[in-house]
Structures are given as structure tokens and as C-alpha cells.
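**Q** Fold the following and give me the result.
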Amino acid sequence: MRRLAGEKGAGSVLAVALVATLMTMALLVAPLMAAHIDSAKAATAADAAALAAADTAVGIVPGAPCTNAARTAEANGASLTGCRVDGLVVTVAVSRASGPFAATASATAGPPGTAG
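**A** Take a look at the predicted model:
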């Protein structure tokens with residue numbers, strides 16, 4: 001089988017184009033994946049902060065509910081942006097900054113049958 005002059009090296013060009021396309025797709029998807037991970041970490045920090053604040057509101061842990069929520073959020077890499085105590089039920093909001101974006105989350109905790 002004879003090759004035509006224009007076909008010589010066409011496979012190499014195709015391989016380079018394929019690798020370049022895959023690299024471009026990876027560079028586009030990486031920030032989205034990082035944002036998704038930050039969102040999940042913010043949700044975890046909000047849950048932990050709400051539970052810590054609710055434990056304080058119930059009297060299991062000494063201190064002020066919002067102070068303990070802030071401390072717990074910071075221990076989980078987030079900052080407390082809101083805290084509302086309604087009896088034994090506490091609702092918190094946290095923010096986790098990473099790069100140009102900030103992930104936010106909120107959570108509510110209280111004794112069984114009281115949190116919505």
C-alpha cells in the first residue's frame with residue numbers, strides 16, 4: 001500500500017490535537033471541581049458549627065452558642081457569617097473563601113423534634 005505525501009505524520013498531529021483537547025478540558029473542569037469541594041467543606045463546617053451551638057444552647061457545653069459556633073467553624077476552615085438562637089434551636093451561616101470564590105452554607109440544629 002502506497003502512502004500519499006500529505007498523509008505522512010498525520011497520526012502524530014492527531015495525537016497532539018487529542019492531548020491538547022484533553023488538557024484544555026481538564027483546565028476548564030478543575031476550578032469547577034474545586035468549587036464543588038469547597039461547597040461540601042462549607043456544608044460540613046456549617047453542620048458542625050450548628051451542632052456545637054445547639055449543644056451549648058441546651059447546656060451540654062458551657063459558653064455562648066454563637067461563640068462556640070464561630071470557634072467550630074474556624075476549626076473547619078470557615079468563618080461564621082450568621083448565628084441565630086431561637087430557644088434551643090440554633091441556625092448558623094458560614095463562608096469558606098478559596099481563590100476568587102466563596103462557598104456559603106447554613107445549618108440548623110436543636111434537640112430532637114425542634115429543628116425544622
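**Q** bridging residues for A109?
**A** V90 (DSSP bridges).
**Q** That one is in contact with V90, isn't it?
**A** Yes: contact status for A109 versus V90: in contact at 5.8 Å, counting by Cβ atoms under 8 Å. For every residue, glycine as well, the C-beta is placed using N, CA and C.
**Q** Quick check: neighbours shared by these two?
**A** Here A109 and V90 have A50, A53, A54 as joint contacts, going by Cβ atoms under 8 Å, 6 or more residues apart in numbering.
**Q** Reformat those as CSV; add neighbour count, secondary structure and pLDDT.
**A** Shown next, in CSV, are those (neighbours: other Cβ atoms under 10 Å; DSSP: H, G, I helix; E, B strand; the rest coil; pLDDT from 0 to 100):
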residue, neighbour count, secondary structure, pLDDT
A50, 28, helix, 97
A53, 34, helix, 97
A54, 27, helix, 95
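**Q** quick one: which of these is nearest T104?
**A** Relative to T104, the closest of those is A50; by Cβ to Cβ it sits at 13.9 Å.
**Q** any idea which element V92 lies in?
**A** strand 89-98 (DSSP states H and E).
**Q** Quick check: mean pLDDT of that strand?
**A** Averaged over strand 89-98, pLDDT sits at 93.
**Q** more neighbours, A109 and V90?
**A** V90 (28 against 25; other Cβ atoms under 10 Å).
**Q** Touching, that one and V58? I think so.
**A** No: taking contacts as Cβ under 8 Å, V90 lies outside contact range of V58: 9.5 Å.
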